[in-house]
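Trainee: predicted model and sequence below, questions to follow.
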Amino acid sequence: MRTMKIMLGALALMLGVQGANAKPAAPASPKRLVIVDDDMIGLNGVPLLLLQSPDVEVLGITTTSGSVWRDTATAYALRTLEILGRTDVPVVPGATFPLLNSAEATKRWEGQYGRLVFKGPWTDYWPGDTIQEHPGSTDPTKVPDLPIGNPRTKPSAEIAAAFLVRMVKAHPGEITLFATGPMTNIAIAQSLDPSFAANVKEILYMGGSLAPHQVLEGPSAEQFAREFVNSPRREFNIRWDPEAAKIFAHAPWKKITMNPVDPSTGTQWTRAFLDELKPAHTPLTDLFQTGLEPGYPMWDEIVAMAWLNPEIVTKDETLWVDFETSQTAAYGDTLSWTEAYRPHLGEQAQRVILSVDRAKMEAAMARLYMRPVGKAAQ
């Protein structure tokens, strides 16, 4: 017994000495690392909210065509960073065209199945009573003058998919990826590196549509309902590049959060909300007064705010999700099942956000928008 006590005492002494001499563990990064892949079209969207969040580090913004052409989205991203004084964040241009879909293929499809309501820069039919601004030129190289001012800074010379792969390799299991445009860059990154998705901490995206219905009254809400009232499973981000969406849906992500059209119908940019931001009188809140058009749903803002403030989510569920790529009337539609009915063809479980508390979300957004801008504020 005495010998055992001596041995235990010696062991304790050794461990104590080792502990005293051991180097302290490296502190964990105090900020959550994110990358945003987006078809940016102004001050609204995910990048600005994440850049204004003090506990978030935006490693970069990758751009893709979608609502506007890639080069226009890139210009918006650069200008947003200039306004915020965050030109240290790289903007990396990505895909200009979808993997397979094209303007010509879309015209053929419309000849069989009817017009699409919105086709991004391919939009060639705009009813006269439409409030929403036309997305612009059909020429992908033509960047219009931006209502928030034109950028002076330049984008990265790197390609978006290569940037995504490189950053995820440098920070395995640490990066949260926000995909709020078509999935073209994401699909290319996964095709370049089959381990890409598995090394992303979490992916959150705005895309897909289940069974949305008009919630708010007024002309804007009525007109945006045109996009889903007769085609409840069709949504633009997926319809622009269905093949990329399918590659995304089958990649081995650790965690997927889907933000379909459904919760956005209970939200809207309003003049009253923009007026609430005036007292801050920052370069950002001042520009909000003229640089953002009221009436749009808060599609992408939900993606950011449900992650930053989970308490705003009032309903969600787990579904197995895939996307239709056959050249039929359902091309680009969202497919979903509960676990008992899924086909087991590579679809994955996704957390699907179905509704949010608009008042709580807007209050949280206002706090972020009204913060001081610039790197010093982070």
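Mentor: On my side now, so go ahead.
Trainee: count the neighbours of the nearest residue to residue 136 once chain neighbours are set aside for me.
Mentor: In this structure, residue 136 finds its nearest non-sequential neighbour in residue 144, 5.6 Å apart by Cβ to Cβ, 6 or more residues apart in numbering. Backbone N, C-alpha and C define where each C-beta goes, glycine included. Counted with other Cβ atoms under 10 Å, the neighbours of residue 144 add up to 12.
Trainee: same thing with the one 5 residues further on?
Mentor: Using other Cβ under 10 Å, the number of residues around residue 149 comes to 13.
Trainee: hang on, it in a helix?
Mentor: No. In this structure, residue 149 is coil, not part of a helix, as judged by DSSP: H, G, I helix; E, B strand; the rest coil.
Trainee: hang on, the residue nearest to residue 136 packs against residue 133?
Mentor: No. Using Cβ atoms under 8 Å, residue 144 makes no contact with residue 133, being 10.7 Å away.
Trainee: give the buried residues for stretch 281-293.
Mentor: 282, 284-285, 287-288, 291-292 (16 or more other Cβ atoms under 10 Å).
Trainee: then stretch 223-230?
Mentor: Quick answer for stretch 223-230 (16+ other Cβ under 10 Å): 223-225, 227-228.
Trainee: contacts for it?
Mentor: Contacts with stretch 223-230, where a contact means Cβ atoms under 8 Å, 6 or more residues apart in numbering, come from 117-118, 129-132, 209, 212-214, 234-236, 261, 265, 296-297.
Trainee: now stretch 110-130
Mentor: 39, 65-69, 103, 106, 134-138, 140, 223, 226-227, 234, 236, 239-240, 329.
Trainee: pLDDT on it, on average?
Mentor: Average pLDDT, stretch 110-130: 91.
Trainee: report the separation between the two terminal residues of that stretch.
Mentor: Criterion Cα to Cα, to the nearest Å; first-to-last residue distance in stretch 110-130 is 20 Å.
Trainee: thinking again about what came up before, among the contacts of stretch 223-230, which lie within helices?
Mentor: Judged by DSSP state H, the subset of these located in helices is residue 236.
Trainee: now a ChimeraX select for only the buried ones of the contacts of stretch 223-230.
Mentor: In ChimeraX syntax, the buried subset of the contacts of stretch 223-230 is picked out as below (16+ other Cβ under 10 Å):
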select :117,118,209,212,234,235,236,261,265,296,297
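Trainee: the contacts of stretch 223-230 in strands, which ones?
Mentor: Taking DSSP state E, every one of the contacts of stretch 223-230 sits outside strands.
Trainee: any buried residues in stretch 201-216, and which?
Mentor: In stretch 201-216, counting by 16+ other Cβ under 10 Å, buried: 201-210, 212, 215-216.
Trainee: including distance to residue 318, could those go into a markdown table?
Mentor: What follows is those, written out as a markdown table (distance: Cβ to Cβ, whole Å):
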| residue | distance to residue 318 |
| --- | --- |
| 201 | 19 |
| 202 | 15 |
| 203 | 15 |
| 204 | 15 |
| 205 | 16 |
| 206 | 18 |
| 207 | 17 |
| 208 | 14 |
| 209 | 18 |
| 210 | 13 |
| 212 | 19 |
| 215 | 23 |
| 216 | 27 |
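Trainee: can you classify residue 366 by secondary structure?
Mentor: helix.
Trainee: thought it was touching residue 275?
Mentor: No. Using Cβ under 8 Å, residue 366 is not in contact with residue 275, being 10.7 Å away.
Trainee: who's more crowded, these two?
Mentor: Taking neighbours as other Cβ under 10 Å, residue 366 and residue 275 compare with residue 366 leading, 16 against 11.
Trainee: hang on, the earlier thing: the contacts of stretch 110-130, buried ones only, as a PyMOL selection?
Mentor: Command for PyMOL, covering only those of the contacts of stretch 110-130 found buried under the criterion 16+ other Cβ under 10 Å:
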select buried, resi 39+65+66+67+68+69+106+135+136+223+227+234+236+239+240
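Trainee: restricted to helices, list the contacts of stretch 110-130.
Mentor: Per DSSP H, the contacts of stretch 110-130 map to helices at 103, 106, 223, 236, 239-240.
Trainee: backbone dihedrals for the residue nearest to residue 136, please?
Mentor: phi -70, psi 170 (degrees, to the nearest 10).
Trainee: quick check: it vs residue 345, distance?
Mentor: 43 Å (Cβ to Cβ, to the nearest Å).
Trainee: hey, where'd the helices end up in the chain?
Mentor: Using DSSP H, helices in the chain cover 2-21, 46-51, 70-84, 103-113, 160-170, 184-192, 219-224, 236-240, 242-250, 271-276, 283-291, 299-308, 358-369.
Trainee: and residue 94, which of these is closest to it?
Mentor: Between residue 94 and those, the tightest spacing by Cβ to Cβ is seen for helix 160-170, at 2.9 Å.
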